[in-house]
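Visitor: Could you look at this predicted model? Sequence included:
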Amino acid sequence: MASPSFTLTPKTANPPRNKTILITGGGSGIGLATAHYLHEREYNNNVVAVDLATNPPGVEELKLSPRFLYLQCDVTSWASQRSAFQRAADFFGRIDCVFVNAGLAEMGEQIFTDATDRQGQLQEPDRRTIDVDIRAVGDSLKLAVYHLRNDMDAKTSQRRGSGRGQGGSIVMTASLAGYLASAGAPLYSAAKHGVVGYLRALKSDCLKVGIGISVVAPGITLTPIILGRKEGQTLEDWGQDMSGRGVPINNAETVALVVANLMGQGTKANGSGMLVQANRVQELEGGIAKSRAQWMGKEHLELFRGGRDAPLFPNKL
């Protein structure tokens, strides 16, 4: 039931053109690789990179371009994210696509390792992974929908959003861990499952307001988020070591092509979930939907289908 896997090249990725694209976590890794690719002259895109770092070295060349804007932003702060989105919209006149990408790896072992605070009580867990990888994602989604949506305000009859009612595209970074949880990374896995949950819950309503929403789910990718390197070991050397042990490794540039391809498809990519392993791409959501009878059982699938159109959730558009 799975669709065929495939590869992408810079010439086959079919990115958006003449658009304004905002990327959270755009100062390094997958976000930076995506910024570089989408900014290429032939595509004529405006690119806004949003990142916590004040002046990341990877954006120095891009900063020379009038089609690029770098904004320092803490995605865990609503006020900071809201300001970044608005500054981007004001600077370029609109936002057309958003890559919700900022993320953290697992911040140490939080479940089985115990520490005590100054009062000798069990210390509160470090929740930064949850704060960045799912709570801040919700804020990014709220802001993206606000700026992209193509519908009218019932009270004013005016088109909403900085795109003036044009709709657009949202791509989120999930992970292989969002489909197959990783032992040793429970907070990260839970957050990335949440990103996939956002996709499934929002795809219908996003489509109604002209937004295509999708996820890219990379396996192990060579980015600064990687932990466990030996002292002095480069990222590339670590990747070669892991590849030699049978671990499928991605380049950040390959994941960037998948993101660009999803954006280029617009609403046609709505609901897609793209797994990337060893630089090969596989669409997951369609196959999962087609296999429901296998993992739900036919009885429960029919029960679900019988009631899914009932008005259970008044928030649905």
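Guide: Looks like it came in fine. Numbers count the residues shown, from 1 in each chain.
Visitor: Identify the residues contacting residue 33.
Guide: Each residue near residue 33 by C-beta atoms under 8 Å, 6 or more residues apart in numbering is listed here: 252-253, 255-256. C-beta: built from backbone N, CA, C; applies to glycine.
Visitor: Filter these down to the ones in helices?
Guide: 252-253, 255-256 (DSSP state H).
Visitor: Now tabulate the residues you listed in CSV and tack on pLDDT, neighbour count and distance to residue 118.
Guide: Shown next, in CSV, are these (pLDDT from 0 to 100; neighbours: other C-beta atoms under 10 Å; distance: C-beta to C-beta, whole Å):
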residue, pLDDT, neighbour count, distance to residue 118
252, 92, 20, 41
253, 95, 16, 46
255, 97, 29, 42
256, 97, 27, 45
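Visitor: Would you enumerate the residues in contact with the closest residue to residue 162 other than its chain neighbours?
Guide: In space, residue 162 comes closest to residue 89 once its chain neighbours are excluded; the distance is 3.7 Å by C-beta to C-beta, 6 or more residues apart in numbering. By C-beta under 8 Å, 6+ apart, the contact set of residue 89 is 95, 147, 162.
Visitor: By neighbours, which of those wins?
Guide: Among the contacts of residue 89, residue 95 has the most neighbours (other C-beta atoms under 10 Å), with 26 neighbours.
Visitor: That residue and residue 2, how far apart?
Guide: Note on residue 95: its distance to residue 2, by C-beta to C-beta, to the nearest Å, is 34 Å.
Visitor: any idea where the helices of the stretch 51-200 of the chain begin and end?
Guide: 78-92, 128-130, 136-148, 186-208 (DSSP state H, counting those that start in this stretch).
Visitor: Show the average pLDDT along the second one.
Guide: The pLDDT scores in helix 128-130 average 97.
Visitor: In a helix, residue 286, correct?
Guide: Yes - assessed by DSSP: H, G, I helix; E, B strand; the rest coil, residue 286 belongs to a helix.
Visitor: I'd say residue 238 and residue 232 touch.
Guide: No - with contacts counted by C-beta atoms under 8 Å, residue 238 stays clear of residue 232, the gap being 10.8 Å.
Visitor: Between those two, tell me which one has more neighbours.
Guide: Neighbours per residue, other C-beta under 10 Å: of residue 238 and residue 232, the larger number sits with residue 238, 17 against 6.
Visitor: Can you list phi and psi of that one for me?
Guide: Main-chain torsions, residue 238, degrees, to the nearest 10: phi -60, psi -40.
Visitor: residues touching it, list them.
Guide: Contacts of residue 238 by C-beta under 8 Å, 6+ apart are 222, 226, 228-230.
Visitor: Now with 10 Å, please.
Guide: Contact partners of residue 238, counting by C-beta atoms under 10 Å, 6 or more residues apart in numbering, are 220, 222, 226, 228-230, 249.
Visitor: For the stretch 201-317 of the chain, which segments count as strands?
Guide: 211-218, 221-222, 250-251, 273-277, 280-283 (DSSP state E, counting those that start in this stretch).
Visitor: List of residues touching the third one?
Guide: Counting by C-beta under 10 Å, 6+ apart, the neighbours of strand 250-251 from elsewhere in the structure are 30, 33, 176, 218-223, 236, 239, 257-258, 276-281.
Visitor: from those, which would you call buried?
Guide: Buried by 16 or more other C-beta atoms under 10 Å: 30, 33, 176, 218-223, 239, 257-258, 276-277, 279, 281, out of the contacts of strand 250-251.
Visitor: Can you tell me which of those comes closest to residue 140?
Guide: Residue 140 lies nearest to residue 30 out of those, by C-beta to C-beta, at 15.0 Å.
Visitor: Secondary structure class of that closest one, three-state.
Guide: Counting by three-state DSSP, the backbone at residue 30 sits in helix.
Visitor: thinking it is in contact with residue 49, fair?
Guide: No - applying C-beta atoms under 10 Å as the test, residue 30 and residue 49 come out as separate, 11.9 Å apart.
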